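J.: A structural model of the following input is requested.
(2 chains)
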Amino acid sequence: MLQTITKLASLRNFYFFCGKLLPWFAWPTLILMLVGLYWGLVEAPADYQQKDSYRIIFVHVPAAWMSLFVYMVMAVSAAASLIWKTKASEVVANSCAPIGAAFTFLALATGSLWGKPMWGTWWEWDARLTSELVLLFLYLGYMALQSAFEDKRTAARATAILAIVGVVNIPIIHYSVEWWFTLHQGPTVQVMQDKQAMDKSMLIPLMIMATAFKFYFATVLLMRSRNEILERESHTKWVQEERERL
Amino acid sequence: MTPTRKRRLMMVALIVLGVGAAAALALTAFNKNLMFFFSPSQVAAGEAPLNRSFRVGGMVKDNSVNRDGLTVRFVVHDNAKEVTIAYTGILPDLFREGQGIVAQGKLAADGVFIADEVLAKHDENYMPPEVAAAMKPKGVDKTEKAKY
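T.: Modelled structure (predicted):
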């Protein structure tokens, strides 16, 4: 076990490992996304209150979940880079940031589009919306800090600390709707609960979309990681060979 | 784990704990400012600001909506206290009796809340109309938070 991990820590091995995993995530992404979108947008019934406008939930909620999930992946990889100084975890953390920023932006944008017809406003400074916006700035800050350093290893140390400090925002986003009065409603899907606040006919496509987003994240993460490895190791012989092959 | 790595792991744990504690203290201190709106009970208890604009949130009381042209008067409650709200303008589509709303405005001398913005707050329940109709006798808003 330990031997496998040590082996993967070498960027060359990690590059080929990612390449092998790639199709196992890329194809399920495509299938789940198509099934989930069709089910959610066409097959699922309209809501009793919001009619058809609620259907944006099939993008909004998975994107919002991913914005938190990707941050945790990024922070754990960043912590690993800080403790073990492994290059592979630095690559993973760096690759997470733009993906997480994209998910956060998607969650904010779809939420805004949903808020206008339902709540009557594009944006309000309530605790949930504001903390999610802070998350976007954390991702953007990570990316800015990372590109501010010439040396990749120094950059990794600085960004790792930023990523770890930002973890405090994750429970705040999650519990904001329970701790404070917010315009945003409380959680619909709760893991530790038998009776869900959403009908099964809507919950199943939502879960399919959530899974599709997870696979999409894994796919893009593998692709970005491979790109960053090629860039970092561009001076080595194996990368030049790989380039010729591609 | 080598001693250096152990030290670094401790450092990471300390950062998380330290920042977490600081955030917890800050959020507790600013707890009131983080509330998006006041409940009618808080308004009745005089916790809401007097000469400043603030938001009040609650459920629209049944049979309390009076329309006079574009001006609407209605009552919001939180199962304990009530606030009468007057608003001139277009209400959001989701506005109806029994719906949660948030209104921004000022409290007039006669206790009527003059709103210049009314937002609808929807609940966390999603279901097809048939299911909602079937649940009606038992009350659709059973999961509505006691906060209101």
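
J.: list the buried residues of the helix or strand hosting residue A:154.
T.: Per DSSP states H and E, residue A:154 falls inside helix A:152-166. Buried residues in helix A:152-166, counted by 16 or more other C-beta atoms under 10 Å in any protein chain shown: A:155, A:156, A:159, A:160, A:161, A:162, A:163, A:164, A:165, A:166. Every residue, glycine included, has its C-beta placed from N, CA and C.

J.: now, which of those lie close to chain B?
T.: Counting by C-beta under 8 Å from any C-beta of the partner chain, A:161, A:164, A:165 from those sit close to chain B.

J.: which among those residues gets closest to residue A:31?
T.: For those, the closest approach to residue A:31 (C-beta to C-beta) belongs to residue A:164, at 35.8 Å.

J.: residues contacting the nearest residue to that closest one once chain neighbours are set aside?
T.: In this structure, residue A:164 finds its nearest non-sequential neighbour in residue B:15, 5.2 Å apart by C-beta to C-beta, 6 or more residues apart in numbering or on different chains. For residue B:15, the contacting residues are A:161, A:164, A:165, by C-beta atoms under 8 Å, 6 or more residues apart in numbering or on different chains.

J.: export those residues to JSON lines and tack on pLDDT?
T.: Shown next, in JSON lines, are the contacts of residue B:15 (pLDDT from 0 to 100):
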{"residue": "A:161", "pLDDT": "95"}
{"residue": "A:164", "pLDDT": "96"}
{"residue": "A:165", "pLDDT": "96"}
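
J.: closest to the centroid, which residue in chain A?
T.: Per C-alpha atoms, centre = their mean, the C-alpha nearest to the average position across chain A is that of residue A:70, at 3.4 Å.

J.: so what's the gap between the helix or strand where it lies and the chain middle?
T.: Assessed by DSSP H and E, residue A:70 sits inside helix A:57-84. Distance of helix A:57-84 from its chain centroid, counting by C-alpha atoms, centre = their mean, to the nearest Å, is 5 Å.

J.: pull out the buried positions in that helix.
T.: A:57-71, A:73-84.

J.: following whatever helix or strand the residue nearest to residue A:164 lives in, which helix or strand comes up?
T.: Element membership for residue B:15, per DSSP H and E: helix B:3-29. Tracing the chain past helix B:3-29, the next element assigned as helix or strand by DSSP H and E is helix B:40-44.

J.: picking that back up, the buried residues of helix A:57-84: which ones sit near chain B?
T.: Filtering these for proximity to chain B by C-beta under 8 Å from any C-beta leaves A:57, A:79, A:82, A:83, A:84.

J.: residues contacting the second one?
T.: If a contact means C-beta under 8 Å, 6+ apart, then residue A:79 has A:160, A:163, A:164, B:12 as its contacts.

J.: what do you get for the last one?
T.: By C-beta under 8 Å, 6+ apart, the contact set of residue A:84 is A:9, B:5.

J.: report the separation between it and residue A:153.
T.: Distance from residue A:84 to residue A:153, counting by C-beta to C-beta, to the nearest Å: 13 Å.

J.: and the buried residues of helix A:152-166 as JSON lines, adding distance to residue A:129?
T.: Formatted as JSON lines, the buried residues of helix A:152-166 follow (distance: C-beta to C-beta, whole Å):
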{"residue": "A:155", "distance to residue A:129": "31"}
{"residue": "A:156", "distance to residue A:129": "31"}
{"residue": "A:159", "distance to residue A:129": "26"}
{"residue": "A:160", "distance to residue A:129": "28"}
{"residue": "A:161", "distance to residue A:129": "27"}
{"residue": "A:162", "distance to residue A:129": "22"}
{"residue": "A:163", "distance to residue A:129": "22"}
{"residue": "A:164", "distance to residue A:129": "24"}
{"residue": "A:165", "distance to residue A:129": "22"}
{"residue": "A:166", "distance to residue A:129": "18"}
